[in-house]
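Chemist: no sequence for this one, just the structure:
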């Protein structure tokens with residue numbers, strides 16, 4: 001009912017039809033609104049003009065050495081308060097300042113410490129204009145704490161991401177090392193096969209020479225002794241080459257075994273994973289670490305039973 005009465009009074013076009021008190025209400029209300037608008041406009045203008053005076057050092061024209069001297073002697077406000085006005089002018093838009101002129105420079109200075117989004121969130125929780133300076137300060141400090149906590153969490157996540165990237169790089173390096181070892185083993189296999197082929201030819205050649213020596217006629221004892229010495233030398237060489245050939249064949253069998261190569265690669269991989277698991281366990285709390293160690297011990301015991 002009261003709001004309806006207010007609307008009717010403000011919309012009335014015939015002031016003569018209003019009572020003296022009603023006319024007084026309407027006129028006073030209009031003046032209040034006008035003063036409020038002017039206060040907001042002059043608040044913004046004061047902040048903007050102080051900023052201009054300081055930025056351009058225009059105070060020197062008036063004979064002042066510093067901005068502080070100017071505002072305290074010529075304007076009659078403390079330098080700190082003038083700096084607050086300038087900070088407000090630098091932080092907010094004119095529209096925001098006009099909207100919240102009633103908050104005052106102190107509260108607006110406090111709110112300048114947070115981001116625009118954080119100010120919006122604070123504005124949703126409290127009425128900035130009517131709240132006390134203490135309430136605004138508490139809201140600002142809470143927003144700053146939440147921001148710091150968010151930054152800490154972000155730093156932790158970034159740290160964990162860096163660790164994961166390092167682990168991935170280490171894993172890639174390990175895989176590269178394993179591949180290199182595998183390639184070296186394959187090269188050894190090719191070299192051993194080539195050596196085996198050469199030794200096989202030499203053994204066959206020695207066998208042929210020995211056979212020729214055994215079948216050749218001996219003209220006299222001296223020649224016979226020479227032939228026997230030659231034969232013994234050939235037999236010795238044949239024995240040595242045959243032994244080398246067998247060694248080469250045995251080495252080839254070991255190198256060419258896919259199971260052995262697979263074991264070597266997997267064993268190196270297990271060692272790498274084991275080191276990573278050990279590092280992870282050391283970072284856990286005691287209770288979790290015990291559970292993880294027990295799980296690993298159970299797995300190793302199971303493997304030992306299968307190998308037995």
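Modeler: Thanks, I have it. The model shown is predicted, which means the values in this text are computed figures rather than measured ones.

Chemist: which residue is the nearest non-sequential neighbour of residue 44?
Modeler: Leaving aside its chain neighbours, residue 44 sits nearest to residue 97 (4.5 Å; criterion: CB to CB, 6 or more residues apart in numbering). For the C-beta atoms, the positions are set from N, CA and C on the backbone; glycine is no exception.

Chemist: which helices and strands does the helix or strand hosting the one you found pack with?
Modeler: Take DSSP states H and E as the rule and residue 97 turns out to sit in helix 94-99. Contact here means 3 or more CB pairs under 8 Å, 6 or more residues apart in numbering; DSSP states H and E; on that basis helix 94-99 packs against helix 20-56.

Chemist: tell me the buried residues in the helix or strand where residue 80 lies?
Modeler: If you go by DSSP H and E, residue 80 is part of helix 79-91. Neighbour counts over helix 79-91 (16 or more other CB atoms under 10 Å) mark 81, 82, 83, 84, 85, 86, 87, 88, 89, 91 as buried.

Chemist: off-centre distance for it?
Modeler: From the chain centre to the centre of helix 79-91 is a distance of 38 Å (CA atoms, centre = their mean, to the nearest Å).

Chemist: and what of stretch 91-107?
Modeler: Going by CA atoms, centre = their mean, the spacing between the C-alpha centre of stretch 91-107 and its chain's C-alpha centre is 38 Å.

Chemist: and it, which residues are buried?
Modeler: Of the residues in stretch 91-107, 91, 92, 96, 97, 100, 101, 103, 104, 105, 107 count as buried by neighbour count, 16+ other CB under 10 Å.

Chemist: could those residues be laid out in CSV, adding distance to residue 198?
Modeler: Shown next, in CSV, are the buried residues of stretch 91-107 (distance: CB to CB, whole Å):
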residue, distance to residue 198
91, 86
92, 89
96, 90
97, 94
100, 95
101, 99
103, 96
104, 99
105, 96
107, 94
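
Chemist: looking at those residues, spot the one nearest residue 150.
Modeler: Checking these against residue 150 with CB to CB, the nearest one is residue 91 at 21.3 Å.

Chemist: measure the closest one to residue 47 for me?
Modeler: To residue 47, residue 91 is 10 Å away according to CB to CB, to the nearest Å.

Chemist: now do the helices in this protein.
Modeler: 2-11, 20-56, 67-70, 79-91, 94-99, 105-111, 116-125, 133-215, 221-256, 258-283, 286-307 (DSSP state H).

Chemist: please identify the most buried of those.
Modeler: helix 105-111 (a mean of 21; mean count of other CB atoms under 10 Å).

Chemist: that helix - contacts with which helices or strands?
Modeler: Packing partners of helix 105-111 (3+ CB pairs under 8 Å, 6+ apart): helix 79-91, helix 133-215.

Chemist: and the last one, what does it pack against?
Modeler: Using 3+ CB pairs under 8 Å, 6+ apart as the contact criterion, the elements in contact with helix 133-215 are helix 105-111, helix 116-125, helix 221-256, helix 258-283.

Chemist: and of the buried residues of helix 79-91, the nearest to residue 298?
Modeler: Nearest to residue 298 out of the buried residues of helix 79-91 is residue 91 (CB to CB; 62.1 Å).

Chemist: might one say that the closest one is in contact with residue 112?
Modeler: Yes: in this structure, residue 91 is within contact of residue 112 by CB atoms under 8 Å, at 4.2 Å.

Chemist: before we move on, the earlier item: how big is the angle separating the helix holding residue 80 from helix 116-125?
Modeler: Orientation check (axes from the mean of the first three to the mean of the last three CA atoms, to 10 degrees): helix 79-91 against helix 116-125 gives 100 degrees.

Chemist: which other residues reach helix 79-91?
Modeler: The contact list for helix 79-91, computed with CB atoms under 8 Å, 6 or more residues apart in numbering, reads 44, 46-48, 50-51, 54, 67-68, 71-72, 75, 97, 105-106, 108-109, 112.

Chemist: now swap in stretch 93-107 and tell me
Modeler: With contact meaning CB under 8 Å, 6+ apart, stretch 93-107 is reached by 36, 39-41, 43-44, 47-48, 81, 84-85, 88-89, 108, 111, 128-131, 133, 136.

Chemist: what does stretch 286-293 give?
Modeler: Stretch 286-293 is contacted from outside by 277, 280, 281, 282, 284, using CB under 8 Å, 6+ apart.
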